[in-house]
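> Any chance you can model this:
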Amino acid sequence: MAQATLAELAARCSGIELLALDVDGVLTDGVIELDDDGVESKHFHVRDGLGLALWHRAGKRSAILSGRAAEVVRRRAEELKIGHVAQGLADKGEAFRAMLGELGLDARQVCYVGDDLIDLPVLRAAGLAACPADAVAEVRQSAQVITEAPGGRGAVREVVETILRAQGLWHNLCEPFRVPAM
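You can find the predicted model right below:
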């Protein structure tokens with residue numbers, strides 16, 4: 001599917017209450033660093049963090065559905081106040097359905113951001129499918145929103161801004177950051 005028209009995008013965004021995210025290639029640049037002791041590290045972008053803070057300030061919920069499991073993801077999710085974290089998933093579609101039941105949501109209320117083949121079942125089920133610019137071709141074809149930024153470089157922030165603008169919430173959320181002219 002090509003990127004949605006403005007009218008289609010507005011309709012899809014109107015009911016979004018949960019932002020569900022993959023980690024590697026979405027919240028991070030997809031690089032997995034392992035040191036000699038097997039300690040894993042990842043690169044997260046600060047703009048994605050502020051985007052999630054604004055998302056939560058708007059009264060919205062967030063979740064992580066990750067194929068890999070890593071302590072650094074749990075820690076970052078805690079810092080960002082991401083309410084639902086599921087890691088080490090072999091089947092993200094099954095985890096998505098379980099999450100919907102736990103949170104009492106309909107799939108149409110969820111925007112999912114993924115970048116690789118394992119994300120396709122959730123992208124196809126969610127109310128709004130989004131991906132970073134550098135997602136694999138099959139994912140880009142399934143997404144209604146394709147960001148300009150690659151994964152781990154502000155893509156999540158772009159998705160948050162897109163939804164909150166469509167819902168008419170972005171301007172007021174930015175108001176505390178506006179400085180009066182001197």
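
> Provide a list of residues in contact with the closest residue to residue 17 other than its chain neighbours.
Of all residues not flanking residue 17 in the chain, residue 109 sits nearest, at 4.6 Å (CB to CB, 6 or more residues apart in numbering). For every residue, glycine as well, the C-beta is placed using N, CA and C. Each residue near residue 109 by CB atoms under 8 Å, 6 or more residues apart in numbering is listed here: 15, 16, 17, 18, 127.

> just residue 107 next, same as before
Applying CB under 8 Å, 6+ apart, the residues contacting residue 107 are 96, 100, 125, 126, 127.

> same check, this time on residue 166
By CB under 8 Å, 6+ apart, the contact list for residue 166 reads 9, 10, 13, 14.

> Now do stretch 38-53: distance from first to last residue.
From its first residue to its last, stretch 38-53 covers 31 Å (CA to CA, to the nearest Å).

> swap in stretch 162-171?
This stretch, stretch 162-171, spans 12 Å end to end (CA to CA).

> returning to that earlier point: neighbour count and distance to residue 131 for the contacts of residue 166 - can I get that in CSV?
CSV is the format used below for the contacts of residue 166 (neighbours: other CB atoms under 10 Å; distance: CB to CB, whole Å):
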residue, neighbour count, distance to residue 131
9, 18, 14
10, 14, 19
13, 21, 16
14, 14, 20
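
> In those residues, find the pair that's most separated.
The distance between the two most remote of the contacts of residue 166 (CB to CB) is 9.6 Å, for 9 and 14.

> Just checking: what are the partner strands of the helix or strand of the chain with the lowest mean pLDDT?
Here the helix or strand of the chain ranked lowest by mean pLDDT, DSSP states H and E is strand 40-41, holding a mean of 86. Counting by DSSP bridges, the strands paired with strand 40-41 are strand 33-34 (antiparallel).

> ok, and what's touching stretch 131-150?
For stretch 131-150, the external contacting residues (CB under 8 Å, 6+ apart) are 1, 3-4, 8-9, 12, 25-26, 29-30, 111, 113-117, 119-120, 123-124, 128-130, 151-155, 157-159, 162.

> who does the residue positioned nearest the centre of the chain bridge with?
The centre of the chain sits closest to residue 21, judged by CA atoms, centre = their mean, with a distance of 3.6 Å. For residue 21, the beta-bridge partners under DSSP bridges are residue 64, residue 113.

> That one and residue 55 touch, don't they?
No - with contact defined as CB atoms under 8 Å, residue 21 does not reach residue 55; the gap is 10.6 Å.
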